[in-house]
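Enquirer: here is a sequence with its predicted model. Questions after.
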Number of protein chains: 2
Amino acid sequence: MADASIRCVPSATRRSEQSRRAALDAALALVTELPYPRITVDAIAARAGVSKATIYRWWSAKGALVVEALAQQSADRPEEHLVLPDTGDLEADLAGVLRAIVDEMADPSYDALMRALSIESLQDPALRDQVREQIFGVQLEYVERRFAAARAAGQLRDDVGTLEAFELFVAPVFHRWQGATGPLTHAYADGVAARAVRALRPG
Amino acid sequence: MADASIRCVPSATRRSEQSRRAALDAALALVTELPYPRITVDAIAARAGVSKATIYRWWSAKGALVVEALAQQSADRPEEHLVLPDTGDLEADLAGVLRAIVDEMADPSYDALMRALSIESLQDPALRDQVREQIFGVQLEYVERRFAAARAAGQLRDDVGTLEAFELFVAPVFHRWQGATGPLTHAYADGVAARAVRALRPG
């Protein structure tokens, strides 16, 4: 099926899509190899085998390309990056997600990349909006799927939107990471999940 | 009493303290007049009537001086900047604090200053630690006073520390500000306060 549909696409469009994908893959490979400030659009273009002009046809700057590469990585493997587990126990499921985030934050290269992208997003409203749409917004859709199940099971009050519920459990973890206000441990992740579930349950 | 104690201080120490205070006041005046990136240590020194060397004797950079100036402003007027109201109604008191934060964030010059300091803190762990100690840590002490009253009134469960409780109600507001993830309104502030109080109440 996939091959058949690709054969129907005009070849210029197909080549264009291949270059675009090569640039995203190259950006993703480079963020695992180099500190973000040392990655250049030149290096991404060289790795992808495309011209710099090709990259600037789609992305305004390195940040926009890297954010889309991270979004593409999640979209390629949603089970790994986006799907929330559903064991029926909302608190345990949220705690698992938050523990995984805490583990990622403890990785120096992840920490450095998140730090660099946070700085760029604070400087550039267009990048901030892209992060919201391509990263946060997509995560929110998956949270909504898990919350729909919790709602059907009578575990959620009906006066809290999914956005507000999502912020209730991710914001404390990001605040603690960014401000280094306290230890980022599994115990902290579990506590945040417990407090979020108490805040969200009916009654 | 204040005059008598000042007279006991050796005059070099007193002059030194006067220069230090003049630098803090000058920094505070300048952040209300100019965008943060346009403020220089030279301009602060000139406004304060002290040498640049005097400033660098106490502060490593502009950011450290500005953060301490903001902390000093709060310490000078704790009733205005730090004391949480205590009407007996914890949710209403927290909602009032969060509404005030939301109002400040809507002020473009406050927004720009917070953005600039957030960027510097993400780049510089020493500044991040200073913000945590001189700003966040002092706010936390005042939150602890209000929470001690709530605890005495049986309104708080005993398995949540003040730091965790504080993060529960400030982090969502800062996350929404930084990521522009949704409207920063009084209704949002009220909702965050309501969810925090539900998460913190006994039972």
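Expert: Everything's here; your move.
Enquirer: list the contacts of stretch A:167-175.
Expert: A:94, A:98, A:101-102, A:105, A:181, A:184, A:188-189, A:192-193, A:196, A:199-200, B:164, B:167-168, B:170-172, B:174-176, B:181-182, B:195 (CB atoms under 8 Å, 6 or more residues apart in numbering or on different chains). Any C-beta I mention is one placed from the backbone N, CA and C, and that applies to glycine too.
Enquirer: can you give me the offset of that stretch from its chain's centre?
Expert: Centre-to-centre, stretch A:167-175 and its host chain are 14 Å apart (CA atoms, centre = their mean, to the nearest Å).
Enquirer: before we move on, what about stretch A:129-139?
Expert: 7 Å.
Enquirer: export the host helix or strand of A:R115 to CSV, keeping only CA atoms.
Expert: Assigned by DSSP states H and E, A:R115 belongs to helix A:108-123. Only the C-alpha atoms of helix A:108-123 are listed here, as CSV (Å, rounded to 0.1, in the frame of the first residue of the first chain):
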residue,chain,number,x,y,z
PRO,A,108,22.7,15.8,30.7
SER,A,109,22.3,15.9,26.9
TYR,A,110,18.5,16.0,27.2
ASP,A,111,18.8,18.7,29.9
ALA,A,112,21.1,20.8,27.7
LEU,A,113,18.8,20.4,24.6
MET,A,114,15.6,21.4,26.6
ARG,A,115,17.5,24.3,28.1
ALA,A,116,18.6,25.6,24.7
LEU,A,117,15.1,25.2,23.2
SER,A,118,13.6,26.9,26.2
ILE,A,119,15.9,29.9,25.8
GLU,A,120,15.1,30.2,22.1
SER,A,121,11.4,29.9,22.8
LEU,A,122,11.6,32.7,25.4
GLN,A,123,13.4,34.9,22.8
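Enquirer: next one: the next helix or strand after that helix, is it in contact with chain B?
Expert: Next helix or strand after helix A:108-123 toward the C-terminus (DSSP H and E): helix A:125-131. Yes: residues of helix A:125-131 contacting chain B under CB under 8 Å from any CB of the partner chain: A:P125, A:R128, A:D129, A:V131.
Enquirer: how about a markdown table for these, with pLDDT and neighbour count added?
Expert: Below are the residues of helix A:125-131 next to chain B laid out as a markdown table (pLDDT from 0 to 100; neighbours: other CB atoms under 10 Å in any protein chain shown):
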| residue | pLDDT | neighbour count |
| --- | --- | --- |
| A:P125 | 96 | 10 |
| A:R128 | 97 | 21 |
| A:D129 | 97 | 14 |
| A:V131 | 97 | 24 |
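Enquirer: out of these, which is nearest to chain B?
Expert: Distances from chain B to the residues of helix A:125-131 next to chain B, taken as CB to the nearest CB, are shortest for A:R128 (5.8 Å).
Enquirer: could I get the full set of helices for chain A?
Expert: In chain A, the helices defined using DSSP state H lie at A:2-8, A:11-33, A:41-48, A:52-58, A:62-76, A:78-81, A:90-105, A:108-123, A:125-131, A:137-152, A:162-179, A:186-200.
Enquirer: quick check: residues of chain A near chain B?
Expert: Going by CB under 8 Å from any CB, the residues of chain A near chain B are A:115, A:118-119, A:121-123, A:125, A:128-129, A:131-132, A:136, A:160, A:163-164, A:167-168, A:170-172, A:174-176, A:178-182, A:188, A:191-192, A:195-196, A:198-200.
Enquirer: filter those residues to the buried ones?
Expert: A:118-119, A:121-122, A:128, A:131-132, A:136, A:160, A:163-164, A:167-168, A:170-172, A:174-176, A:178-179, A:181, A:188, A:191-192, A:195-196, A:198-200 (16 or more other CB atoms under 10 Å in any protein chain shown).
Enquirer: mean pLDDT for the helices of chain A: which is lowest?
Expert: Among those, helix A:2-8 has the lowest mean pLDDT, at a mean of 54.
Enquirer: check the gap between the residue nearest the centre of chain A and B:G49 for me.
Expert: Nearest to the mean C-alpha position of chain A, by CA atoms, centre = their mean, lies A:I135 at 4.1 Å. Here the criterion is CB to CB, to the nearest Å. By it, A:I135 lies 49 Å from B:G49.
Enquirer: circling back: and the residue nearest to the centre of chain A, what does it touch?
Expert: A:V67, A:L70, A:A71, A:S74.
Enquirer: for those residues, which entry has the maximal number of neighbours?
Expert: A:V67 (22 neighbours; other CB atoms under 10 Å in any protein chain shown).
Enquirer: check contacts around that one.
Expert: Per CB under 8 Å, 6+ apart, neighbours of A:V67: A:L117, A:L127, A:Q130, A:V131, A:Q134, A:I135.
Enquirer: relative to A:M114, how far out is it?
Expert: For A:V67 relative to A:M114 (CB to CB), the value is 11 Å.
Enquirer: kindly report the same for A:A53.
Expert: 30 Å.
Enquirer: who has more neighbours, the two?
Expert: A:M114 (18 against 8).
Enquirer: got the contact list for the more buried one?
Expert: A:M114 makes contacts with A:M105, A:W177, as judged by CB under 8 Å, 6+ apart.
Enquirer: what about 10 Å?
Expert: A:Y36, A:E104, A:M105, A:D107, A:F174, A:W177, A:Q178, B:L122 (CB atoms under 10 Å, 6 or more residues apart in numbering or on different chains).
Enquirer: surely the second one and A:D111 touch.
Expert: Yes: contact between A:E104 and A:D111 holds when scored by CB atoms under 10 Å: they sit 8.5 Å apart.
Enquirer: what touches both of the two?
Expert: Common neighbours of A:E104 and A:D111 (CB under 10 Å, 6+ apart) are A:W177.
Enquirer: wait, what's in contact with A:V31?
Expert: Contacts of A:V31 (CB under 10 Å, 6+ apart): A:I39, A:I44, A:V66, A:A69, A:L70, A:Q73, A:S109, A:Y110, A:A112, A:L113, A:A116, A:L117.
Enquirer: wait, the fourth one sits on A:Y36?
Expert: No: with contacts counted by CB under 10 Å, A:A69 stays clear of A:Y36, the gap being 11.9 Å.
Enquirer: show me how the record splits chain A into domains.
Expert: A:2-59, A:77-200 (automatic domain parsing).
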